[in-house]
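Q: no sequence on hand, only this structure:
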């Protein structure tokens, strides 16, 4: 076994894991605040990818474009919340699952009409860094740094600002938060917006790393489910940890087994975690 | 067994048989293909309704049984020339056995956790079959054309597969009816409304749920077996397609959650509508968008579905329309 190869793929997996973590955080935040599993998560990721693609075609630097994506994400999320989720927020989970799935169908349909389903990619050249046998691609490094920055800002927002605190209050107990004078409708819409924004930003970052199609969202959505369950549904820190675990798993296990076996392990672990530790690796909140 | 004396039970089965006989009487192959698909979706939707509509457990990845039954039966027919009906039965029993085994632990989960677990199970099986080389791996398996000789050629085999699907659809609907009207079904609906209260009243939730899950796995598995026998080709992607499972859920919602006729109506309406949207030149691109909008409107404004809505509006029908 070649140790340098192991090191190189670990670093690779770790970096990818941060981006995956950011992606899953969007899903887990929405579940944590309003107990809704957002089946529109995949299309949101894809929207981020195509937003970056369109902007880079217009000559805007993709990393600068992320700022636009952040605003787009917040607005899209809030609109989707008011159109599809608000009316059924207290209904049984099947209703919200189907409501968000209808959003999924509409978005995928619309994106297919606009962009077709042919594979796309960004033409992005950044210098890479070498240290011994380990080569770090510039695009990956930037993606990780952005992912970490967004995470830090999110935590600062949730724990240090008044609006962030009201989001956490609504997540804890919506009725009590209402009694304390928090307008829960706006808080829920904002949370959905933030969740959507995280999905879109991570999509934008993934677009700088891999080629993609309109249909890439489905696989990334199920991957997000796995990550979220690993870390505990509704727990953003857990999602980050889960993302890193999945990133490492995907890159390191490929040294030992063919890459196509990786999803088998992922989903078996996913079901086992649900059965034996439904609160996730980090335990109860 | 007083359900068997209910006129409505027989009316539903007779209407269904009449619909199914239409393509045979008019000798229209195109119509038969349409009907074949509608019947298959009806079976999927009715089975999901048994676990979801009656018991309240959202089985998102129910298509896993469709794929499992399809694979087992396909393998048997291909390797050992087992008659396809027998192979479908074996496929159904295998899927039910697996449902029984995984049902015990998985049905302890409630709500969203259960829904996620069923997605995970489906994806795990799909990933496994993609890698399982003895059964073709990612390429899947296909029939040598000679397989159909035992059934009098491919054309005849298609006809036989259609009859098998009709029979299975009738059995599925009858089972769904019998469960709903039985003491057992009453227990399931008690679990749906309040599991803890049901337990206090002497319903054994774990046992009830596992039995229901086992039953609801059987019919999709047989449908998968018949479908892929006719198809002549089985691949992991189409066999474990999560999207199809969700479509079946949409049909249940469209027709009416927890009613016997709801999934039937839902399957017919959904499939006809999709057929119309896809074949219409101006709408074909937008069919996914339109279907999404319709789903959202149903979820937001017509939660009870078509059959549920009729039941609410016309109280006189409630005694008969299940």
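A: Sure, I can see it. If you're wondering where the values come from, they're calculated on a predicted model, not measured in any experiment.
Q: quick one: buried residues of the strand or helix carrying residue A:219?
A: If you go by DSSP states H and E, residue A:219 is part of helix A:216-231. Judged by neighbour count (16 or more other Cβ atoms under 10 Å in any protein chain shown), helix A:216-231 contains these buried residues: A:216-218, A:220-231. Yep, even glycine has a C-beta here, placed from its N, CA and C like the rest.
Q: kindly report the same for stretch B:134-149.
A: Under 16+ other Cβ under 10 Å, the buried positions of stretch B:134-149 are B:135, B:136, B:140, B:141, B:142, B:143, B:147, B:148.
Q: got a list of what the most centrally placed residue in chain B touches?
A: Centrality entry for chain B: nearest residue to the mean C-alpha point is residue B:44, 0.9 Å, by Cα atoms, centre = their mean. Residue B:44 makes contacts with B:62, B:63, B:66, B:220, B:223, B:244, B:245, B:248, B:251, B:267, as judged by Cβ atoms under 8 Å, 6 or more residues apart in numbering or on different chains.
Q: what's the closest of the residues you listed to residue B:9?
A: residue B:267 (18.7 Å; Cβ to Cβ).
Q: pretty sure the closest one is in a helix, no?
A: Yes: under DSSP: H, G, I helix; E, B strand; the rest coil, residue B:267 falls within a helix.
Q: can I assume it is in contact with residue B:41?
A: Yes: counting by Cβ atoms under 8 Å, residue B:267 does reach residue B:41; the two are 4.2 Å apart.
Q: picking that back up, near chain B too, which of the buried residues of helix A:216-231?
A: A:218, A:222, A:225, A:226, A:229 (Cβ under 8 Å from any Cβ of the partner chain).
Q: what's the separation between the nearest residue to residue A:211 once chain neighbours are set aside and chain B?
A: Residue nearest to residue A:211 in three dimensions, not counting chain neighbours: residue A:121, with 3.7 Å by Cβ to Cβ, 6 or more residues apart in numbering or on different chains. Note on residue A:121: its distance to chain B, by Cβ to the nearest Cβ, to the nearest Å, is 23 Å.
Q: tally of neighbours for residue A:121?
A: 13 (other Cβ atoms under 10 Å in any protein chain shown).
Q: dihedrals phi and psi, it?
A: Per-residue torsions, residue A:121: phi -160, psi 160 (degrees, to the nearest 10).
Q: returning to what we had before: tabulate the buried residues of stretch B:134-149 (TSV), appending pLDDT and secondary structure.
A: Converted to TSV, those look like this (pLDDT from 0 to 100; DSSP: H, G, I helix; E, B strand; the rest coil):
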residue	pLDDT	secondary structure
B:135	93	helix
B:136	90	coil
B:140	91	coil
B:141	93	strand
B:142	91	strand
B:143	89	coil
B:147	87	helix
B:148	90	helix
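Q: adding distance to chain A, write these out as a markdown table.
A: Below are these laid out as a markdown table (distance: Cβ to the nearest Cβ, whole Å):
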| residue | distance to chain A |
| --- | --- |
| B:135 | 14 |
| B:136 | 13 |
| B:140 | 14 |
| B:141 | 17 |
| B:142 | 20 |
| B:143 | 25 |
| B:147 | 28 |
| B:148 | 32 |
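Q: tell me which of these is nearest to residue A:39?
A: Nearest to residue A:39 out of those is residue B:140 (Cβ to Cβ; 27.3 Å).
Q: got a list of what the closest one touches?
A: By Cβ under 8 Å, 6+ apart, the neighbours of residue B:140 are B:233, B:234, B:235, B:236, B:239.
Q: now, the most widely separated pair of the residues you listed?
A: For the contacts of residue B:140, and using Cβ to Cβ, no pair is farther apart than B:233 and B:236, which are 11.7 Å apart.
Q: what is the rounded mean pLDDT of the host helix or strand of residue B:39?
A: Residue B:39 is part of helix B:29-49 when elements are defined by DSSP H and E. Average pLDDT, helix B:29-49: 94.
Q: in whatever helix or strand comes next after that helix, what's buried?
A: Downstream of helix B:29-49, the first helix or strand assigned by DSSP H and E is helix B:63-80. Residues B:63-78 are the ones in helix B:63-80 that count as buried (16+ other Cβ under 10 Å).
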